[in-house]
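**Student:** Got a predicted structure plus its sequence, pasted below:
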Amino acid sequence: MTGGPARPFAGQVALVTGAARRTGAAIAAHLAARGAAVVVHYHTGATEARALAERLGGGAAGCYAEGADLTRPGGVGALIERIVTRSGRIDLLVNNVGTFQVKPIEKVEPAEWDRAIHTTVTAAFLVCRAVLPHMRRRGYGRIVNIADSAADKLSPQPTLAPYMVGKTGVLILTRSLAAATADCDITVNAVSPGIMENSVTKPSGGPAAIPKGRYGTYADLNGAVEFFLRRETAYVTGENLKVAGGWHS
């Protein structure tokens, strides 16, 4: 079943990782409003994830919450099998999960470094690794990885090093998977937000520091994510779209 212009994802199953709150929750809500049956992934936010799934229509709409630690291969594999068993397939995947920490690099503990890397690029890799065989069997899939507007710039990040190393890795992973899946109707792209209205850190110059003169909104981000997830964008893969109002252009 294919949806009309207002519901382009009708009949499709979407998995959004790290969707219990903030960015992931906003993406999940947008996809559900556009017709998708959304699986709301969480790690620690079970209560929030389940409440969101109910707000999105619950079982009647094919929306439900599933928990897993995405840094553990076994846990990821079990998560994907549960979803495929319950929903029948995964058409759309948005890898949003990640850890943002502001800390001088010389004070970063090894465990903090590992956590930042594992919850960004490792988690995205493991989820893609588990989902892609199912997409290949059906001959269709759309994957969007959430990166960062500075991820393609090899610039010093003295207070964000683990996070930015992980997000730069997400871009390399995105392009590598896109090349590996270009022989079928599967696309893998990245969306890179800039300074959002609810960003943890903001430039000292405020919105005036952004060329567009304002911070980004979830509506801005959702438009970019939807573009890559649509059936019509089958020829667009391996790309990184910055949603940053000219910041880090």
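**Tutor:** Received, thanks.
**Student:** isn't Leu15 right next to Asn96, touching?
**Tutor:** No - judged on C-beta atoms under 8 Å, Leu15 makes no contact with Asn96 at a distance of 10.2 Å. Every C-beta, even on glycine, is put in place using the N, C-alpha and C of the backbone.
**Student:** wait, Ala26 sits on Thr217?
**Tutor:** No - applying C-beta under 8 Å, one finds Ala26 not in contact with Thr217, separated by 9.2 Å.
**Student:** More neighbours: those two, which one.
**Tutor:** Each of Ala26 and Thr217 has its neighbours counted (other C-beta atoms under 10 Å); Ala26 has more, 21 against 14.
**Student:** Count the residues that sit near the residue lying closest to that one once chain neighbours are set aside.
**Tutor:** Closest residue to Ala26 apart from its sequence neighbours, by C-beta to C-beta, 6 or more residues apart in numbering: Tyr218 at 3.9 Å. Tyr218: 19 surrounding residues under other C-beta under 10 Å.
**Student:** repeat for the one 3 residues further on
**Tutor:** By other C-beta under 10 Å, the residues close to Leu221 number 21.
**Student:** Validate this expectation: it resides in a helix.
**Tutor:** Yes - assessed with DSSP: H, G, I helix; E, B strand; the rest coil, Leu221 lies in a helix.
**Student:** tell me the contacts of Gly141?
**Tutor:** Shown in contact with Gly141 (C-beta atoms under 8 Å, 6 or more residues apart in numbering): 90-93, 131-132, 135, 181, 185-187.
**Student:** I'd like those residues laid out as CSV, including secondary structure and neighbour count.
**Tutor:** Below are those laid out as CSV (DSSP: H, G, I helix; E, B strand; the rest coil; neighbours: other C-beta atoms under 10 Å):
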residue, secondary structure, neighbour count
Ile90, coil, 24
Asp91, coil, 22
Leu92, strand, 27
Leu93, strand, 27
Val131, helix, 24
Leu132, helix, 20
Met135, helix, 22
Thr181, coil, 20
Asp185, strand, 13
Ile186, strand, 22
Thr187, strand, 25
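**Student:** nearest to Leu52, of the residues you listed?
**Tutor:** Leu92 (16.8 Å; C-beta to C-beta).
**Student:** Could I get the phi/psi values of the nearest residue to Ser249 once chain neighbours are set aside?
**Tutor:** Spatial nearest neighbour of Ser249, chain neighbours left out: Lys242 (6.9 Å); criterion: C-beta to C-beta, 6+ apart. Per-residue torsions, Lys242: phi -80, psi 130 (degrees, to the nearest 10).
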